Each structure stands twice: as structure tokens, then as C-alpha cells.
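Visitor: Predicted coordinates and the sequence they were generated for:
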Amino acid sequence: MKKIILASLSLLYMNTSFAVFCPGNFNQINNGDTIEQVEAQCGKETSQATHDEEPPVPQEWIFYVPLSQLTPTTSMPPANAATSRLTVALDNNKVTNITNNGIGLPSFQYCTKGLISVGDTAAHVKDMCGSPAMINKSSASGSDNTPKTKVTVLTYVTDSGTTTLTFVNGMLKTK
């Protein structure tokens with residue numbers, strides 16, 4: 001009898017281990033639920049944003065960093081100041097290589113807002129360094145007809161804080 005109860009409890013635990021609870025109530029939602037299913041369980045979201053993401057392909061982002069950012073200076077550099085070429089290689093939206101003027105580095109600390117390192121996400125690089133001057137994308141991994149991914153983010157603001165739920169091609173994606 002104990003084995004049956006233990007097995008039942010473990011199955012119950014396994015079923016809820018991948019569950020997520022709605023912000024603001026304890027209704028259960030699951031990975032793979034549609035936006036409509038989540039709205040039925042959780043209620044209307046505070047805001048919704050949708051954008052298309054291109055499939056991740058290997059990329060090379062090129063930035064031109066003013067030399068004045070690389071060395072301390074007490075005066076403002078002239079508008080036509082010399083630059084250093086920062087190249088960031090990305091694969092699957094993660095930094096795989098950083099070079100500054102052809103020299104490989106594990107990290108680079110002179111972006112406008114802070115440090116970037118091998119392993120960082122593309123979004124982090126963009127947050128720290130701004131938009132690249134040029135992007136080279138690989139075409140070897142697939143054709144240009146690869147469909148984009150539709151990403152929808154529902155934001156719920158409740159008394160306990162702000163919660164975001166991310167949907168990929170209309171299905172809830174939990175981490």
C-alpha cells in the first residue's frame with residue numbers, strides 16, 4: 001500500500017514539476033499552452049508585444065570604438081578621432097569570439113556601457129556596445145527562406161510584481 005501511495009505522489013509531483021502558475025492567481029499553465037489558453041486561465045494581460053526573430057545564424061558584428069575610450073583622457077576627442085575595430089563573433093546568439101584590432105580577447109571592457117565576454121548573449125552585447133556598424137551573416141547554415149520565429153510577450157502587473165510570459169510561435173515557452 002505504501003508503494004502505491006508513494007508512486008501516486010511521485011506521479012503527481014512529476015506532472016506539476018513543469019507547471020507554471022498564473023501571475024496573480026494559482027491557476028496552472030503549462031509549457032506549450034497557447035496564448036488563448038493562458039488568457040483563459042490567467043485573465044487579460046497588462047500589455048502584449050509581438051515581434052519576429054530571424055533564425056539564429058553565425059554572425060560577425062563589427063564596432064568602431066574611439067581610441068579615447070581605450071585610454072584615459074582629460075579632454076574631448078576630436079570628431080574625426082582614430083578608432084579601434086572590435087569584432088564580435090556570434091553563434092546561436094552567443095558570443096564565441098572577441099577580437100580588437102585582430103587580437104583575440106576573452107572579454108572587452110571598453111564598450112560604452114560595460115564589459116562583454118565570450119558566452120554573453122547578443123542582446124547583452126547590444127546593451128553594452130550599442131548597435132554594430134556592420135553585421136556579416138553566414139548563409140552557409142540555410143537558405144534565406146527559413147521562416148522567422150514569432151515571439152509574443154505577455155506582461156502581467158500584479159500586487160506581487162511584474163511577470164512576463166514568452167510565447168514562441170503561439171506556444172508558451174518556459175525556461
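Guide: Looks like it arrived, so ask away. Given the structure is predicted, the values throughout are model-derived calculations rather than measurements.

Visitor: And the residue nearest to P147 when sequence neighbours are not counted, what's its pLDDT?
Guide: Using Cβ to Cβ, 6 or more residues apart in numbering and skipping the chain neighbours, the partner closest in space to P147 is P55 (7.8 Å). (C-beta placed from N, C-alpha, C; glycine too.) Among the per-residue scores, P55 holds a pLDDT of 77.

Visitor: Please apply the same query to S143.
Guide: Value listed for S143 in the pLDDT field: 52.

Visitor: Equivalent analysis for D52, please.
Guide: 88.

Visitor: residues near it, how many?
Guide: If you count neighbours by other Cβ atoms under 10 Å, D52 ends up with 9.

Visitor: Quick check, it in contact with P147.
Guide: No - the criterion here is Cβ atoms under 8 Å, and D52 misses it with P147 at 9.3 Å.

Visitor: And this structure, what are its domain boundaries?
Guide: 24-53+153-175, 59-72+80-137 (automatic domain parsing).

Visitor: Can I take it that N136 is in a helix?
Guide: No - counting by DSSP: H, G, I helix; E, B strand; the rest coil, N136 is not found in a helix; it is strand.

Visitor: give the contact list for the nearest residue to it once chain neighbours are set aside.
Guide: In space, and not counting its chain neighbours, N136 is closest to E60: 4.2 Å by Cβ to Cβ, 6+ apart. Residues counted as contacts of E60 (Cβ atoms under 8 Å, 6 or more residues apart in numbering) are T87, V88, A89, L90, I135, N136.

Visitor: V151: which of the residues you listed is nearest?
Guide: Distance to V151 across the contacts of E60 (Cβ to Cβ) is lowest for L90, with 18.0 Å.

Visitor: What separation do you get for Y64 and V125?
Guide: Separation of Y64 from V125 (Cβ to Cβ, to the nearest Å) stands at 15 Å.

Visitor: So if I had to pick from these two, which one is more boxed in?
Guide: Neighbour count, other Cβ under 10 Å: between Y64 and V125, V125 has more, with 24 against 12.

Visitor: just checking, what packs against the helix or strand hosting the more buried one?
Guide: Using DSSP states H and E, V125 sits within helix 122-129. Judged by 3 or more Cβ pairs under 8 Å, 6 or more residues apart in numbering; DSSP states H and E, the packing partners of helix 122-129 are strand 59-66, strand 83-91, strand 94-100, strand 116-117.
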